[in-house]
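Chemist: Let's see this in three dimensions:
(chains A and B)
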Amino acid sequence: MKILVAVKRVVDYNVKVRVKSDNSGVDIANVKMSMNPFDEIAVEEAVRLKEAGIVTEIIVVSAGATQCQETLRTALAIGADRAILVESDADLQPLAVAKILKALTDKEQAQMVILGKQAIDDDSNQTGQMLAALLDIPQATFASKVVIADGKATVTREVDGGLETIALTLPAVITTDLRLNEPRYVTLPNIMKAKKKTLEIVKPDELGVDIAPRLKTIKVEEPPKRSAGVMVADIAALVEKLKNEAKVI
Amino acid sequence: MSALISLVIAEHDNQFLKAATLNAVAAALQCSPEVDILVAGNGTDAVAQAASQITGVRKVIQVESLALANQLAEPLAAQILSIAKNYSHILAPATANGKNVLPRVAATLDVAQLSDVTKVVSADTFERPIYAGNAIATVQSGDSIKVITVRTTGFDPVAATGGSAAIEKQSGDAAVGNASSSSFVGRELTKSDRPELTAAKIIVSGGRGLGSGEKYQEVVVPLADALGAALGASRAAVDAGYVPNDYQVGQTGKIVAPQLYVAVGISGAIQHLAGMKDSKVIVAINKDPEAPIFSVADYGLVADLFTAVPELTKALS
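Modeler: Alright, predicted model coming up:
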């Protein structure tokens, strides 16, 4: 079974971004970039399925600028077999990415697509669900456990109030939550090996996909700041403040 | 379509209408003068009744089908799509269900989705947080139908009573026709008599500073009891297995904005702050004076939580 994994290059999760002074966006020049953490979990899950003998080939895909090749190399070092970069400097919104992934899923005849549930830059949480809709196949979002057997994926999902388990016929789309697995550290030998794996570059045009953005960003601003609080000396002072100043208890 | 009419997807468990629906209706009323609610499920008469009483609602569309009993994305999306063309805006609260189903609706309609909207600027322009809430984007949609998930903390709920909308029953054929590819297996919900995390007035959250699930039970739970509070946790505490996943407050967990948020042994990683910094009053108790949580706290106490928290519990009991 072939599996497609989508990865996004994003600002590293440890970086606190700053809004540009002209309010046109956030300043990501000279900022550390990494693979979206949820996508790293997606790659790890695919590699585990391959190690378990369920998956035969892992194709990792990224859409974006030429630097996404680094992100793809990381995925190859974790254990993906080959990579495809859909290169574009355009503002790729979730619907456009879903269309790109649909074209590649069709072309590669992948039986499963795994993606992160959300990218930590735009926080949209849309692409997996949109891809499933475009392919007209079932979806399991926010996965914390995936079992593949008899042409079915049984997926435990993190939902409000606890966990829910659903069964999907394949092909299907799965999006990962935090507790699905803990991605391995990439080792130097695997980084070296990854450099020799195939990385194909295609353009959105070649896939026949319309990537025009549908949402126009008017401005990006700093959120309202919380005014500085006070430090209290002890519990008695805290209780007094909560009762008489904040009046919340 | 010229007239502005919104459709809100009701959040429910077939028995009860969830409060998050009221925040979504509030957002919808800022998008359009007329708002309908879709109650899609199985055995939902009480839910449809409750929805019909919400202030500002024009009509409740009730669809009953076994295929909709578990809110699976495929049949629910198909059901929404069967009436989508009648609306200018389709909204759902940004809950696990709303996030699961609405992008499927948007993609099939070939329109963008606006996720986690916190403010309606106009019928086509909205504010939404990006980068874990470290920036607020104002975005304009050129699509004919706006598909929106609503961050409930951004909108005060409309009144749950006072309305008297008509309930119109519709067929669940669309859902039935799209119910074969996925099936429901089971559910393990955390049993609790406490207020729901996203609707609670007071939340007590514990972090890695607690060191274990036992200490969470010993230290955090009694304080929550004393305050009548809901229980929350940082991602670190959930990853370490102290508490179930649905306790997680943060960028990728639950977004909360209670009247009072008490953070116990939580350092305040960016992604945690993203989930709670809109709380009215924040109290932080941490032994590290440099902990980032103090930068958003109204009241900070540098102390050993294992002595300070029981003392606070005692003072409040």
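Chemist: any chance you could map the helices in chain A?
Modeler: A:37-51, A:68-78, A:94-108, A:127-135, A:188-196, A:235-240 (DSSP state H).
Chemist: any idea which of the ones you listed is most buried?
Modeler: helix A:127-135 (a mean of 28; mean count of other CB atoms under 10 Å in any protein chain shown). From N, CA and C alone the C-beta is placed, and that goes for glycine too.
Chemist: How about that one and chain B, touching?
Modeler: Yes: Helix A:127-135 reaches chain B (CB under 8 Å from any CB of the partner chain) through A:Thr127, A:Gly128, A:Gln129, A:Met130, A:Leu131, A:Ala132, A:Ala133, A:Leu134.
Chemist: quick check: angle from that helix to helix A:37-51?
Modeler: Angle, helix A:127-135 to helix A:37-51, by axes from the mean of the first three to the mean of the last three CA atoms, to 10 degrees: 60 degrees.
Chemist: chain center to helix A:127-135: distance?
Modeler: In terms of CA atoms, centre = their mean, to the nearest Å, the centre of helix A:127-135 is found 14 Å from the chain centre.
Chemist: Please work out how many residues are found near B:Gly186.
Modeler: 10 (other CB atoms under 10 Å in any protein chain shown).
Chemist: what's the distance between the residue nearest to the spatial centre of chain A and B:Gly172?
Modeler: Centrality entry for chain A: nearest residue to the mean C-alpha point is A:Gly116, 3.3 Å, by CA atoms, centre = their mean. Using CB to CB, to the nearest Å, A:Gly116 is found at 33 Å from B:Gly172.
Chemist: quick one, phi/psi of B:Ala160?
Modeler: Phi and psi for B:Ala160, reported as degrees, to the nearest 10, are phi -80, psi -20.
Chemist: and B:Asp193, what are its phi and psi?
Modeler: When read as degrees, to the nearest 10, the backbone of B:Asp193 gives phi -90, psi 0.
Chemist: How much space separates B:Ala10 from A:Val5?
Modeler: B:Ala10 is 35 Å from A:Val5, by CB to CB.
Chemist: Please name the residues that touch residue 192.
Modeler: Assuming you mean chain A. By CB atoms under 8 Å, 6 or more residues apart in numbering or on different chains, the contact list for A:Met192 is empty.
Chemist: actually it's chain B I care about, not the one you picked
Modeler: So B:Ser192 contacts B:Leu231 (CB under 8 Å, 6+ apart).
Chemist: Likewise for the one 3 residues further on?
Modeler: Taking CB under 8 Å, 6+ apart as the contact definition, B:Pro195 lies against B:Lys201, B:Gly228, B:Ala229, B:Ala230.
Chemist: any idea how far the second one lies from A:Ile3?
Modeler: With distances defined as CB to CB, the gap from B:Gly228 to A:Ile3 amounts to 48 Å.
Chemist: Which one's more surrounded, the two?
Modeler: A:Ile3 (28 against 12).
Chemist: what's the distance between that one and A:Gly116?
Modeler: 15 Å.
Chemist: Point out where chain A drops to low pLDDT.
Modeler: Within chain A, no stretch has pLDDT under 70.
Chemist: what are the phi and psi values for the residue positioned nearest the centre of chain B?
Modeler: Geometric centre of chain B, nearest residue: B:Thr95, 4.1 Å, by CA atoms, centre = their mean. With angles defined as degrees, to the nearest 10, B:Thr95 sits at phi -90, psi 180.
Chemist: ok, it - contacts?
Modeler: A:Asp160, B:Glu11, B:Lys18, B:Ala20, B:Thr152, B:Thr198.
Chemist: Most neighbours out of these, which is it?
Modeler: B:Thr152 (30 neighbours).
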